[in-house]
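Colleague: 3D, please:
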Amino acid sequence: MDYVEGLFLGRHWSDTDFENRRHIELFILYGILTTLFLITYYWNGTALIGVGDFGTVSLILLIILSLVNPLLCFRYYSFPIWTKLGIIAIKVFKAYLVMSLTVSLILPRITVQNGGLKDFLVDYLNSTLETYTEKYAAGGGSFSTVMGVLTGGIHVVLVGVAVLAAFIVVPGLVVIICKLVQRLYDYIIDRLILRRFFRYRR
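Modeller: The predicted structure follows:
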């Protein structure tokens, strides 16, 4: 339970040391999960459990949950277990909205349609290999051709790895930005309002 509380409440409201430790595996797992939802939407044209269908209603809900977050969290540890579970459920829904927002931001920036993906990849591979082959062709001989194909193949693999890394890293960066903005807002509300008008212990 401490892990879940640390994950969803954040450093400002949690009594755990969750955010004082590195959670690289969680960062990677989140990126992979978001990418799977993104690929599903891209390939099928429909959002799985609504992830990616981020419209006006979703935006309003995300803003409301962000604004009321201090009120949900500042007395979390004084609530009974069922109220705590309700708050965690709300926080999970907020994380779902952030993931949906991430997919909706990335998807329009993929310019290649799924129907033309195979042709695009084949054309990119061929053009890259031709470019490197022509570069080494001036040296003449079959060895130059082999070097051109080899270096071109390495180039394609590195580009593929970079794209895959971007699909994992970008969703995590969106979450980090959202958390930093939320933490700053929570800190301001806590200092200016909650600690002045409410007595509580974290």
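Colleague: quick one: contacts for the residue nearest the centre of the chain?
Modeller: Residue closest to the average C-alpha location in the chain (CA atoms, centre = their mean): Pro171, at 1.7 Å. Listed by CB atoms under 8 Å, 6 or more residues apart in numbering, the contact partners of Pro171 are Tyr30, Gly31, Thr34, Thr35, Met99, Thr102, Ile106. Bear in mind the C-beta positions are built from the backbone N, C-alpha and C, glycine included.
Colleague: Also Phe120?
Modeller: For Phe120, the contact set (CB under 8 Å, 6+ apart) comprises Val112.
Colleague: ok, which stretches of the protein are helices?
Modeller: Here the chain has its helices, by DSSP state H, at 2-9, 24-44, 56-67, 69-73, 81-106, 117-137, 141-189, 195-197.
Colleague: any idea of the mean pLDDT in the longest one?
Modeller: Taken as a whole, helix 141-189 carries a mean pLDDT of 87.
Colleague: Then the last one?
Modeller: Along helix 195-197, the predicted local confidence has a mean pLDDT of 82.
Colleague: List the buried residues for that helix?
Modeller: Neighbour-count burial for helix 195-197 flags no residue at all (criterion: 16 or more other CB atoms under 10 Å).
Colleague: The closest residue in space to Thr133 that isn't next to it in sequence: neighbour count?
Modeller: Leaving aside its sequence neighbours, Thr133 sits nearest to Gly148 (CB to CB, 6 or more residues apart in numbering; 3.5 Å). If you count neighbours by other CB atoms under 10 Å, Gly148 ends up with 20.
Colleague: my guess is Gly148 meets Tyr136, correct?
Modeller: Yes: using CB atoms under 8 Å, Gly148 and Tyr136 qualify as a contacting pair, with a distance of 4.0 Å.
Colleague: List phi and psi for Ser14.
Modeller: Per-residue torsions, Ser14: phi -90, psi 140 (degrees, to the nearest 10).
Colleague: got a pLDDT number for it?
Modeller: If you check Ser14, the pLDDT there is 79.
Colleague: same check, this time on His23
Modeller: Reported pLDDT for His23: 68.
Colleague: Could you do Ile63 as well?
Modeller: So, for Ile63, pLDDT stands at 95.
Colleague: Distance check, it against Ala47.
Modeller: 21 Å (CB to CB, to the nearest Å).
Colleague: Nearest spatial neighbour of the residue nearest to the centre of the chain, chain-adjacent residues omitted?
Modeller: Thr34 (3.8 Å).
Colleague: Can you give me every residue that contacts that neighbour?
Modeller: Met99, Thr102, Val103, Phe167, Pro171.
Colleague: right, and the pair among the residues you listed with maximum separation?
Modeller: Greatest spacing in those, by CB to CB: Met99 and Phe167 (13.3 Å).
Colleague: Tell me which of the two has more neighbours.
Modeller: Between Met99 and Phe167, Met99 has the larger neighbour count (other CB under 10 Å), namely 21 against 17.
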